[in-house]
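# Quick one, structure for this:
(4 chains)
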2 protein chains.
Amino acid sequence: MAREMLRQGGRSARIQAEVHRTVQELLKSMDRSEITVPMIAEKAGVTPSTIYRRWGDLSELLADVAVARMRPIADPEDTGAMASDLEAFILQYVEEMSSRVGRALLADVLGSLESDAPVKCCQYTYHHLETLRERALARGETPFDIDNAIDFVVAPIVYHILFGDRELAPDYCRALVSRFFVK
Amino acid sequence: MAREMLRQGGRSARIQAEVHRTVQELLKSMDRSEITVPMIAEKAGVTPSTIYRRWGDLSELLADVAVARMRPIADPEDTGAMASDLEAFILQYVEEMSSRVGRALLADVLGSLESDAPVKCCQYTYHHLETLRERALARGETPFDIDNAIDFVVAPIVYHILFGDRELAPDYCRALVSRFFVK
DNA sequence: ACCTAAACGCAAATTTTTAGCGTTAGCGGC
DNA sequence: GCCGCTAACGCTAAAAATTTGCGTTTAGGT
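Alright, predicted model coming up:
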């Protein structure tokens, strides 16, 4: 579920915020597999049935929280040039997502395939790249293609994070970016 | 869990096979979100506690089944040339994985990050690419680099399957392969 | 053939999830 | 500002799923 709120103010919003805060709190201190809905409900001061009715089940709540956490709070850093902008963005992305909690976020988002969490999640990335692209245009640089950047820089990184088949050293990430630009 | 069986014969193996078969059967007729452990147990003719003790929980059982289903039963088709071999393999991979059940398989595998399901899963892909590479070597062709193939062909495809942000038309997949070879 | 321990079945205890129903409170119309 | 409508909540009981203890079966080795 995790449907759009019909009421966006007052008690409903407070509960949403409190539940989200509680989930994030719990994720810091314990593993995702030990978290239960009644546990969240108690710490958040609501009844379990509220959570079940609003989010459906635990995985959808976790996906909802994960998407909210991944929502960008600021534009990517402006380093003065397109190539270094992309590199900085990618390095930060890897920093956040390859950590234990980052991997859990990705898994939660992808765990509820029927919701729109995955699409939202990658729209954030797309939007960031769009920002970098427009910044490059404003500077008079020849901008990169966003879809290509996703295919050849972001996708490999996400793949290796998810499957855990390779160390994501900064050098490797930088190589992905530079290969993308020389091509 | 989904630990390696300490006993690989007799009753234990029969139960494993029967449970796997039952899960696959159920996945064909209903959505993953409606499947429960007691339901599987009844159809498979075992006690729920057996499943819980052996696999831990539903997501790990599903991951176990998914990995087993993804285990290659045959080498990729030999088309006579490296480029067309890779293209054929990729097209078949997309065919299998972008379907409703394929996406569910991927989600199940990635859903249990703590198990070794994800690693196993991408090892299968790696192994297939290795087969293609050795085949190319035997033909006297200049072989491709497997890691690069994963980064620039497989990863983009998996990304788009998981995030559902793009139609995976055959033309697009072919373009990925051909761009990989010209680079 | 016998021994040991892994794996299972059974059933009770616990926990989680669902569902009904009355109550609260956000939001729009007046 | 007051009122009506109904989404959203709390509470509780029922249903379902999960865990756990204990005795039994059975694979794998000696």
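
# centre of the chain versus the biggest helix by length in chain A, how much separation?
In terms of residue count, the longest helix belonging to chain A (DSSP state H) is helix A:117-139. Relative to its parent chain, helix A:117-139 has a centroid offset of 13 Å by CA atoms, centre = their mean, to the nearest Å.

# List the buried residues of the next helix or strand after that helix.
Toward the C-terminus, helix A:117-139 is succeeded by helix A:146-149 as the next helix or strand (DSSP states H and E). Using 16 or more other CB atoms under 10 Å in any protein chain shown as the test for burial, helix A:146-149 gives A:146, A:149. Where C-beta positions appear, they are placed from N, C-alpha and C, glycine not excepted.

# so how far is helix A:146-149 off the chain centroid?
The chain centroid and the centroid of helix A:146-149 are separated by 18 Å under CA atoms, centre = their mean.

# List, one by one, the residues from chain A near DNA strand C.
Residues of chain A lying near DNA strand C by CB under 7 Å from any atom of the strand: A:7-12, A:36-39, A:48-49, A:52, A:56-58.

# on contacts alone, who are the packing partners of the strand or helix carrying A:R103?
Following DSSP H and E, one finds A:R103 within helix A:100-111. On a contact count with 3 or more CB pairs under 8 Å, 6 or more residues apart in numbering or on different chains; DSSP states H and E, helix A:100-111 meets helix A:10-29, helix A:58-70, helix A:82-97, helix A:117-139, helix A:155-163, helix B:100-111.

# Reformat those as CSV; add mean neighbour count, distance to B:M70 and mean pLDDT.
CSV is the format used below for these (neighbours: other CB atoms under 10 Å in any protein chain shown; distance: least, CB to CB, whole Å; pLDDT from 0 to 100):
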stretch, mean neighbour count, distance to B:M70, mean pLDDT
helix A:10-29, 15, 29, 95
helix A:58-70, 22, 22, 96
helix A:82-97, 18, 24, 97
helix A:117-139, 18, 20, 96
helix A:155-163, 23, 12, 98
helix B:100-111, 21, 6, 94
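
# what angle sits between the longest helix of chain A and helix A:100-111?
Helix A:117-139 and helix A:100-111 are oriented at 110 degrees to each other (axes from the mean of the first three to the mean of the last three CA atoms, to 10 degrees).

# Give the full set of residues in contact with the residue most central in space within chain A.
Nearest to the geometric centre of chain A sits A:M70, at 3.3 Å (CA atoms, centre = their mean). Contact analysis of A:M70 by CB atoms under 8 Å, 6 or more residues apart in numbering or on different chains lists A:105, A:109, A:121, A:124.

# what's in contact with the helix holding A:R103?
A:27-28, A:32, A:59, A:62-63, A:65-67, A:69-70, A:96-97, A:117-118, A:121, A:158, A:161-162, B:107, B:110-111, B:113, B:162-163.

# any idea how far the residue of chain A positioned farthest from its centre is from A:S29?
The C-alpha centroid of chain A is most remote from A:G140, which lies 30.3 Å away (CA atoms, centre = their mean). With the distance defined as CB to CB, to the nearest Å, A:G140 ends up 49 Å from A:S29.

# Could you do A:L58 as well?
Per CB to CB, A:L58 is found 17 Å from A:S29.

# do A:T22 as well
11 Å.

# Could you do A:Q123 as well?
Taking CB to CB as the measure, A:Q123 falls 30 Å from A:S29.

# ok, back up a step: show me just the buried residues among the residues of chain A next to DNA strand C.
Neighbour counting with 16+ other CB under 10 Å marks A:37, A:39, A:56, A:58 as buried within the residues of chain A next to DNA strand C.

# so the first one makes contact with A:Y52?
Which is A:V37. Yes - in this structure, A:V37 is within contact of A:Y52 by CB atoms under 8 Å, at 6.6 Å.

# Could you report the pLDDT at A:M1?
We have a pLDDT of 43 for A:M1.
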